[in-house]
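Quick one: sequence plus predicted model below, questions after.
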Amino acid sequence: MRLFSTVSFSVLYSTLILYLTEGLHLKDTLATSIVATFIVFNYALHLLGGVIGGRYLSYRALFAISMVFVMVGCVLLSHPDMQFFYWGLAAFLTGSSYVTCINCMLTQLFHPGDSRRESAFLWNYSAMNIGFFMAISFAGLFQAYHAFTSLFLFCGLGNLAALLIIVYYYRDLGDVNTYYSTNHNKVRAVIIGITGVFGIFLLMRWVLVHVEFSLSFIIFLGVAMEVFVVILAIRQPQSQARKKLWAYFILGLASLVFLTLYQLVPIGLVLFVERNVDRHLFSVVVAPQWYQNINSLIIIFGGPLLSYLFQYLRKRGYVINASLQFSLALILIGLGIGILPIGIAFASQQGLINSGWVVVCYVLLTFGELCITPIGYAIVGELAPAKLRGLLMGVWLMLTGVGGALSNIFSQQMLGNQNISNPLLTNPSFSHTFAEMAGISIASGIILLAMAPWIQHKLIKS
């Protein structure tokens with residue numbers, strides 16, 4: 001399911017900024033704000049997926065409904081018109097809660113403390129990136145010919161396959177220990193859940209034409225959710241649960257720093273690669289999306305290998321824990337972004353940098369991602385109380401949206417307000433912003449590395 005359901009998101013993630021600037025001819029600043037809003041609410045709605053799923057609808061039912069909305073969104077997006085675009089993206093975003101459903105359905109297959117949980121999420125993450133690789137490869141081909149209509153229709157086929165799979169395995173994926181599974185008035189719950197889904201659809205349509213307000217609001221909401229986690233931790237009656245929620249809070253902040261840098265990829269970094277990088281490989285011009293396949297390939301093969309390596313090292317007494325992995329992730333992505341200003345310093349007379357610098361950036365970024373993202377999903381199941389697991393999984397996924405909103409600020413700083421694409425003029429602002437963000441990430445990683453033993457032993461293993 002994860003492989004097929006990922007295809008449409010992968011296409012929009014890698015190509016939406018190019019569709020807006022090349023297909024719909026929007027200005028850079030408006031295009032980046034819309035893409036940031038898409039990323040923000042794609043992940044922010046995971047929070048509502050955590051609230052609705054398991055409470056008013058089963059995770060499997062919400063997943064099926066989500067696939068229908070995404071398919072409708074893809075069809076509407078295939079029409080090159082701004083009104084169709086807004087309604088289509090609103091429908092697509094409404095269906096974005098499916099990730100929470102998949103993670104919670106997978107979590108329910110394992111008992112707390114089951115060592116196989118981490119491996120399952122790494123395999124799941126690897127499958128997701130097979131979908132990324134397939135989608136991005138096709139996206140580059142379609143985009144080269146500006147065949148955006150065909151591309152979006154192609155996206156919907158993946159979600160149709162995912163819908164058929166969930167229908168086939170529907171009976172095997174029932175909720176376990178959720179509010180919905182123990183609710184004696186399921187009809188009322190379902191009515192509330194479906195009404196909520198359609199309410200989200202209308203809200204997303206409004207959000208997309210008020211992007212600046214929406215991005216500011218999501219940052220405020222992210223702060224509010226972190227405060228909410230603190231309140232939850234303080235109010236826990238048991239010391240062990242309280243300490244684990246404090247660990248959730250600290251690691252969540254670390255994840256937010258990582259995700260702010262990571263969400264540069266579909267916003268500012270794609271435009272940087274398209275305009276400021278020499279993308280010629282012999283006589284072939286490499287599509288800007290294809291550089292992201294470096295990320296997918298490493299994760300496809302590296303996810304299962306990393307799972308095996310962690311188990312191998314732990315059996316031999318090495319300490320490989322979540323706090324250490326999070327700190328390494330921050331340092332690696334900081335180094336990856338930080339290498340780009342060096343490449344800019346060695347740019348050609350036309351202002352174009354060698355694509356090798358971008359390749360190294362993506363390699364370091366991906367190893368950082370492997371250290372934090374799938375591990376973050378797994379650790380929510382370990383740290384969150386059972387009845388709050390869906391909600392806190394949604395909060396965790398929403399952090400990616402907050403990171404997208406913050407990334408938009410840095411992307412706007414890179415691009416400026418002049419709508420200039422000449423690399424000789426834009427290289428200085430790109431270099432300054434990349435260096436600034438890299439410094440923040442590396443410093444945060446070092447601080448977390450120093451705190452790692454205390455977090456692991458005093459909070460997580462309390």
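Sure, I can see it.

any idea of the mean pLDDT for the strand or helix carrying residue 426?
In this assignment (DSSP states H and E), residue 426 forms part of helix 423-454. Looking at helix 423-454 alone, the average pLDDT works out to 91.

Nearest spatial neighbour of residue 274, chain-adjacent residues omitted?
Leaving aside its sequence neighbours, residue 274 sits nearest to residue 288 (CB to CB, 6 or more residues apart in numbering; 4.3 Å). In short, each C-beta sits where N, CA and C put it, glycine included.

now do residue 359
By the measure of CB to CB, 6+ apart, the closest residue to residue 359 outside its immediate chain neighbours is residue 294, 6.2 Å from it.

same deal with residue 234?
Distances taken as CB to CB, 6+ apart place residue 242 nearest to residue 234, at 7.2 Å, with adjacent residues excluded.

And the strands in the stretch 251-400 of the chain, which stretches?
Using DSSP state E, counting those that start in this stretch, the strands of the stretch 251-400 of the chain run over residues 277-278, 280-281, 284-285, 353-354.

Output these as CSV; include the columns distance to residue 382 and mean neighbour count.
Shown next, in CSV, are the strands of the stretch 251-400 of the chain (distance: least, CB to CB, whole Å; neighbours: other CB atoms under 10 Å):
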stretch, distance to residue 382, mean neighbour count
strand 277-278, 41, 20
strand 280-281, 44, 10
strand 284-285, 46, 9
strand 353-354, 42, 19
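
For those strands, give me CSV that also has distance to residue 191 and mean pLDDT.
Below are the strands of the stretch 251-400 of the chain laid out as CSV (distance: least, CB to CB, whole Å; pLDDT from 0 to 100):
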stretch, distance to residue 191, mean pLDDT
strand 277-278, 52, 94
strand 280-281, 56, 84
strand 284-285, 53, 84
strand 353-354, 56, 94
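
In a markdown table: the ones you listed, plus distance to residue 223.
As requested, those are arranged in a markdown table below (distance: least, CB to CB, whole Å):
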| stretch | distance to residue 223 |
| --- | --- |
| strand 277-278 | 35 |
| strand 280-281 | 44 |
| strand 284-285 | 43 |
| strand 353-354 | 36 |
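
From residue 276, how far out is residue 268?
Using CB to CB, to the nearest Å, residue 268 is found at 11 Å from residue 276.

what residues do these two have in common as contacts?
Shared between the contact lists of residue 268 and residue 276 (criterion: CB atoms under 8 Å, 6 or more residues apart in numbering) are residues residue 430.

Chain neighbours aside, what residue packs nearest to residue 259?
The spatially closest residue to residue 259, leaving aside those adjacent along the chain, is residue 403, at 3.0 Å (CB to CB, 6+ apart).

Give the rounded mean pLDDT of the strand or helix carrying the one you found.
Using DSSP H and E, the secondary-structure element containing residue 403 is helix 389-415. Predicted confidence along helix 389-415 averages 81 (mean pLDDT).

Helix 423-454 and that one, what's the angle between them?
Helix 389-415 runs at 150 degrees relative to helix 423-454, counting by axes from the mean of the first three to the mean of the last three CA atoms, to 10 degrees.
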